[in-house]
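J.: sequence plus predicted model, see below.
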Amino acid sequence: MKLNAKDIASGVILILFAVVALWLNQEHSLGSARRMGPGYMPMLVFWVLMVLGIIVLGMAFFSGPDPLQKWTGIDSASLAAAIVAGYGAFLLAPRVSSYFETSYGSLGMGMLVGFLVICWSERWRLIGYICAGLCIFCLLLEKGGLMLALLATIIVACLAEPEHRQRPLGVVGVSIFLLALCWWVFIKQLDIRVAVWPQF
Amino acid sequence: MDIINNLAFGFGVALSFQNVLFALVGALIGTAIGVLPGIGPVATISLLLPITFGQPATTAIIMLAGIYYGAQYGGSTTAILLNLPGEISSVVTTLEGYKMARNGRAGAALATSALGSFFAGSVATIFVAGSGPLLTQVALSFGPADYFSLMLLGLIISAVLAQGSVVKAIAMVALGVALGLVGTDVQTGQQRFTFGIPELSDGISFVALAMGMFGIAEIILNLERPESRSVLKTKVGSLWLTKEEWKRATPSVLRGTALGSVLGILPGGGAALASFGSYMMERKVSKGRAMFGNGAIEGVAGPEAANNAAAQTSFIPLLTLGIPANAVMALMVGALIIQGIQPGPRMVEAQPDLFWGLIASMWIGNVMLLVINLPMIGMWVKLLQVPYKFLYPAILVFCAIGAYSVNNNVFDVYSTAIFAVVGYLFNKLRLEPAPLLIGFVLGPMMEEHLRRAMLLSRGDPMVFVQRPISATMLAIGAIALAAMLLPNLRKGKDAALSG
């Protein structure tokens, strides 16, 4: 049997999404076809989604072999570890410092830890460092100011590319250029409302 | 003559210092990202959306439009010189254009492409100006049921024309509509699927969704591929066309313009479809068809004219009906809504400066692009030498600041990271993100029209087949879906969009 693993995974994701969404939609009143309540359109859409998911799943038997990339043990382990560590950090962060209690600090800390832990495996390293860069930007922005947040983001993002790790001088050049560019575009020209330098 | 008065008014708007400046900025950025493989117009426009919020709506849209058609010019430069299509729409240009360059006629190919695009752009501008107001009149007679069916048709066609499996594309559309439901229900004020997060009561951030799925996910996918930089080996040579080349290119440009203008209007159509369609046509009907495969100028002239014409006429459904024809237009809808303008048939009357200013700016932008591209070609080729490892941190920080500055809220940046993961996963599963974006934009409007239509018909769903306009739309949609069951058509589509 030549199954299309990508279609199976897609179909399962769609069906799961639809089931969870339909379950969540129970709290919204449906109304009638004439006077639709807030739950009517969602119900229609989620049922359509469910049917489409089933069709995609069914097509997997005919659309030829299309295997997913094989995961190594480290790939699965780092994914599991990232989820556990991220959730742990999410719970612990507000207890460590009140800094994480505002503006989604604990969510950010959880995501940051998760994305960094997942970099353990070669496969997830790119996505891990890039997304970690975004999270560290948010965590530093309000207290650390735009410049510090950008610097941290650039350094973390540059970890994703092996060549940068070998030649750190390039990272320094990129950082200086981007800090100057962002200052000129966003502070000088567009004047976005954000702290530029660290606040104490 | 109304149209002349209106165009004159439009030029008055478009020629203001600020608007000319932003049209130029858009054209320059568009050319740059067109030249660079790995950054497309969708990612760039979502990246720059937040920057435009501080500007008046007209200026913002003029700049974003410049990026879109500028990319069509830039993409052909690298296609011809390096056999490296900068955009999907210039894939077919590599077939004949690169051969021409190898034959020592690189300059002629570039000139053909730029002049053909310019001609097509000019004609398409007049076409948009002429047909826009007419279509608007038609659109004003549409009831809610007609609108709903029209949007459904748009979604179906954009799914049918997407890459890969049609069922998966339709599923992506439905998923987009589903994500669009998050937020406050307009009629009852009830919070739907917000999980108590106040930031979600206005719905999922459009900028975060687009940036994550296109901007950030693309960075990761580009980094995964080993970088291959080709070096310019061919000389550009004379930009002038010989008399014979003029004679051969002209009819192809005319045909390409006509085909591109029509294909651009179709929902789900756009530059990529037009350039491929034109290439197929030229290979069949042009006088030089025997030369195809060895550097036929017709194979450059036709597709290049077609993709530029289509890039401009794809604004027609947006400006007249408020319906995005492709992912770029979905971003334009997002930009307009954030500016407080509901795109639709009332835009011509309510925002005449936006409507006519945009149309006039398209022509001005095309003049600029001609200047930007032909004499300055060497500079753009140099741009290719910037390695991606230096480019991606820049894209990332622009995304971060951009996503933050929409609402001055870090929640949008976290959402961007989450959508980046989702976009990456979808790519691995061969699920196309473009139909999802269109569904996300159209979803809330569809719900409103559906509710209104059903209220008017007292809950009778037959209203969708009883009204002639609505019934026609649904019939076309059904035919489009049925057509995809024919294996030959499906193969043709895959070949057309696989580039």
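T.: Cool, got the structure. Source: prediction; values computed, not measured. Numbering: from 1, shown residues only, chains lettered A, B, ... in the order given.

J.: give me the most central residue, the chain.
T.: Using chain A here. A:Cys131 (6.2 Å; CA atoms, centre = their mean).

J.: my question was about chain B, not that one.
T.: Most central in chain B (CA atoms, centre = their mean) works out to B:Val328, at 3.8 Å.

J.: list the residues that contact that one.
T.: Residues near B:Val328 by CB atoms under 8 Å, 6 or more residues apart in numbering or on different chains: B:41-42, B:45, B:68, B:270, B:314. Any C-beta I mention is one placed from the backbone N, CA and C, and that applies to glycine too.

J.: on that earlier part again, so which helix or strand takes in the residue nearest to the centre of chain A?
T.: helix A:125-158 (DSSP states H and E).

J.: so how far is that helix from its chain's centroid?
T.: Offset of helix A:125-158 from its chain centre (CA atoms, centre = their mean, to the nearest Å): 13 Å.

J.: pLDDT on the next helix or strand after that helix, on average?
T.: For helix A:125-158, the following helix or strand on the C-terminal side (DSSP H and E) is helix A:162-166. Helix A:162-166 shows a mean pLDDT of 80 in the predicted model.

J.: following the chain onward from helix A:162-166, which element is next?
T.: Heading C-terminal from helix A:162-166 (DSSP H and E), you reach helix A:168-182.

J.: what about the closest residue to chain A within chain B, distance to B:Phe148?
T.: Chain A sits closest to B:Gly459 of chain B, with a gap of 3.2 Å, by CB to the nearest CB. When distance is defined by CB to CB, to the nearest Å, B:Gly459 is 15 Å away from B:Phe148.

J.: sec struct for the residue of chain B closest to chain A, please.
T.: Assigned with DSSP: H, G, I helix; E, B strand; the rest coil, B:Gly459 falls in the coil class.

J.: what about it, neighbour count?
T.: Counted by other CB atoms under 10 Å in any protein chain shown, the residues lying close to B:Gly459 total 13.

J.: which residue packs closest to it, ignoring adjacent ones?
T.: A:Arg34 (3.2 Å; CB to CB, 6 or more residues apart in numbering or on different chains).

J.: on that earlier part again, could you pull up phi and psi at the residue nearest to the centre of chain B?
T.: phi -60, psi -40 (degrees, to the nearest 10).

J.: the helix or strand of chain A with the lowest mean pLDDT vs chain B: in contact?
T.: Every helix and strand of chain A was ranked by mean pLDDT, DSSP states H and E. The lowest is helix A:162-166, at a mean of 80. Yes - counting by CB under 8 Å from any CB of the partner chain, chain B is contacted by helix A:162-166 at A:163-164.

J.: can I get that helix in PDB, CA atoms only?
T.: Provided in PDB are the C-alpha atoms of helix A:162-166 (Å, rounded to 0.1, in the frame of the first residue of the first chain):
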ATOM      1  CA  PRO A 162      26.400  28.000  10.700                       C
ATOM      2  CA  GLU A 163      28.500  30.500   8.800                       C
ATOM      3  CA  HIS A 164      27.700  33.200  11.200                       C
ATOM      4  CA  ARG A 165      28.800  31.000  14.100                       C
ATOM      5  CA  GLN A 166      32.200  30.600  12.500                       C
END
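
J.: check which helices and strands that helix sits against.
T.: helix A:168-182 (3 or more CB pairs under 8 Å, 6 or more residues apart in numbering or on different chains; DSSP states H and E).

J.: one more pass at 10 Å, please.
T.: Packing partners of helix A:162-166 (3 or more CB pairs under 10 Å, 6 or more residues apart in numbering or on different chains; DSSP states H and E): helix A:125-158, helix A:168-182, helix B:388-407.

J.: in CSV: these, plus distance to B:Leu49.
T.: Putting those into CSV (distance: least, CB to CB, whole Å) gives the following:
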stretch, distance to B:Leu49
helix A:125-158, 17
helix A:168-182, 17
helix B:388-407, 7
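
J.: nearest to B:Pro85, of the ones you listed?
T.: Of all those, it is helix B:388-407 that lies closest to B:Pro85, at 16.2 Å by CB to CB.

J.: and the helix or strand that that closest one is followed by, how far out from the chain middle?
T.: Later in the chain than helix B:388-407, the nearest helix or strand by DSSP H and E is helix B:410-428. Chain-centre distance of helix B:410-428: 22 Å, with CA atoms, centre = their mean.

J.: can the helix or strand just after helix B:410-428 be said to contact chain A?
T.: Later in the chain than helix B:410-428, the nearest helix or strand by DSSP H and E is helix B:433-456. Yes - Helix B:433-456 is in contact with chain A by CB under 10 Å from any CB of the partner chain, via B:439, B:443-444, B:446-448, B:450-452, B:454-456.

J.: so, low pLDDT: which residues of the chain?
T.: All of this is about chain A. A:1, A:200 (pLDDT under 70).

J.: wait, I meant chain B there
T.: B:1, B:38, B:86, B:227-236, B:267-269, B:487-499.

J.: and if we set it to 50?
T.: Scanning chain B for pLDDT under 50 picks out the ranges B:498-499.

J.: could I get the full set of strands for it?
T.: Using DSSP state E, the strands found in chain B span residues B:183-184, B:191-192.

J.: could the ones you listed go into a markdown table alongside distance to chain A?
T.: Putting the strands of chain B into a markdown table (distance: least, CB to the nearest CB, whole Å) gives the following:
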| stretch | distance to chain A |
| --- | --- |
| strand B:183-184 | 9 |
| strand B:191-192 | 6 |
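
J.: out of those, which one sits most buried?
T.: Burial of the strands of chain B is given as mean neighbour count (mean count of other CB atoms under 10 Å in any protein chain shown); strand B:191-192 ranks first at a mean of 20.

J.: to the chain's geometric centre, what's the distance from that one?
T.: The answer for strand B:191-192 is 32 Å, by CA atoms, centre = their mean.

J.: try stretch B:373-384
T.: Taking mean C-alpha positions (CA atoms, centre = their mean), stretch B:373-384 and its chain are 23 Å apart.

J.: quick check: end-to-end length of it?
T.: 15 Å (CA to CA, to the nearest Å).

J.: hang on, isn't A:Leu24 packed against B:Gln191?
T.: No - between A:Leu24 and B:Gln191 there is no contact under CB atoms under 10 Å: 11.7 Å.

J.: quick one on the thing from earlier: from the residues of helix B:433-456 next to chain A, which would you call buried?
T.: Among those, those classed as buried by 16 or more other CB atoms under 10 Å in any protein chain shown are B:439, B:443-444, B:446-448, B:450-452, B:454.
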